[in-house]
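1. show me how the following folds:
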Amino acid sequence: MPLSGRFAPLGLLLLLPAGCAAPECPPGFVQGAEECEFDQDAVLQLVRTMDAGALVKLNAEPYIPPYSSNPIERNVWVSPVPVPDWGIAATDLYLTIDQDDWSTPLEVEFPVGTVIIHEAVNREEPHGVEVKRDDYVDETGRPWWLRMVYDDGTIDETPREACADCHTESYRPTEGLWGVPTFAK
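-> Modelled structure (predicted):
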């Protein structure tokens with residue numbers, strides 16, 4: 001599946017000047033026949049190794065999201081995928097979300113390839129995992145793959161309210177994302 005043209009297909013390596021290399025696929029994606037493709041196993045590996053360097057922890061201290069369905073301490077980890085034409089990474093964009101004011105929409109969308117993990121600090125439940133894709137939409141039409149995943153990388157199949165019930169543009173014009181409270185940054 002295409003990754004919106006942001007990552008060069010492997011076949012283009014021959015067209016690059018000597019000494020230049022094609023960008024690597026973002027965390028959670030692998031090189032397909034022509035372009036980077038979402039890979040569920042690679043995402044599940046990120047959950048097992050979220051502190052190994054592929055993701056950036058955005059909060060300095062754990063926090064309890066104010067409108068969480070389960071009020072537990074969280075850390076948020078985000079992949080540092082470049083935001084095209086903005087000179088920032090998805091990590092910086094996530095930090096612009098004002099958790100106290102969700103009425104302000106983002107000026108730019110998160111890039112395809114962004115991975116966000118909402119770590120359950122004390123492991124009371126699996127971690128919330130979101131991946132921005134261009135080959136997928138959830139039941140509300142959002143291009144975010146959402147799953148609850150345990151430390152060992154297995155997906156929690158427990159029936160629960162759909163994450164997309166709250167993670168919607170109509171509820172939060174920040175692509176349905178929460179942000180990090182100011183005190184925890």
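2. C-alpha only now, for contacts and for neighbours.
-> OK.
3. so who does the spatially most central residue of the chain touch?
-> Residue closest to the average C-alpha location in the chain (CA atoms, centre = their mean): Val115, at 2.3 Å. By CA atoms under 8 Å, 6 or more residues apart in numbering, Val115 lies in contact with 27-28, 78-79, 129-132.
4. that one bridge partners, please.
-> Under DSSP bridges, the beta-bridge partners of Val115 are Val131.
5. what about it, distance to Asp138?
-> Distance, Val115 to Asp138, using CA to CA, to the nearest Å: 16 Å.
6. and what of Gln31?
-> Taking CA to CA, one finds Gln31 at 24 Å from Asp138.
7. ok, now Glu35?
-> Noted for Glu35: a distance of 22 Å to Asp138, by CA to CA.
8. so these two - more neighbours on which side?
-> Neighbour count, other CA atoms under 10 Å: between Glu35 and Asp138, Glu35 has more, with 22 against 13.
9. just the pLDDT for that one.
-> For Glu35, the pLDDT comes out at 93.
10. ditto for the one 4 residues further on
-> Reading off the per-residue confidence, Asp39 sits at a pLDDT of 97.
11. my read: it touches Val30, true?
-> Yes. Applying CA atoms under 8 Å, one finds Asp39 in contact with Val30, separated by 6.2 Å.
12. near Tyr94, how many other residues are there?
-> Neighbours of Tyr94 (other CA under 10 Å): 20.
13. that one: what's it in contact with?
-> Contacts of Tyr94 (CA under 8 Å, 6+ apart): 179-180.
14. tell me the secondary structure for it?
-> Counting by DSSP: H, G, I helix; E, B strand; the rest coil, the backbone at Tyr94 sits in helix.
15. now do it against Asp41, distance only.
-> 24 Å.
16. equivalent analysis for Val149, please.
-> Distance from Val149 to Asp41, by CA to CA: 12 Å.
17. give me the more crowded residue out of those two.
-> More neighbours surround Val149 than the other of Val149 and Asp41, with 23 against 14 (other CA under 10 Å).
18. which residue packs closest to that one, ignoring adjacent ones?
-> Nearest non-adjacent residue to Val149, counting by CA to CA, 6 or more residues apart in numbering: Ile155, 4.4 Å away.
19. same check on Tyr136?
-> Pro143 (5.4 Å).
20. cool, and Thr154?
-> Using CA to CA, 6+ apart, the closest residue to Thr154 is Leu44 (7.0 Å).
21. what are the ranges of the strands in the protein?
-> Counting by DSSP state E, the chain has strands at residues 29-31, 36-38, 56-57, 74-78, 82-83, 88-89, 115-120, 127-132, 144-149.
22. with respect to Leu106, which of these lies nearest?
-> Between Leu106 and those, the shortest separation by CA to CA is 12.4 Å, and it involves strand 82-83.
23. paired strands for the closest one, with orientation please.
-> Applying DSSP bridges to the sheet, strand 82-83 is found paired with strand 88-89 (antiparallel).
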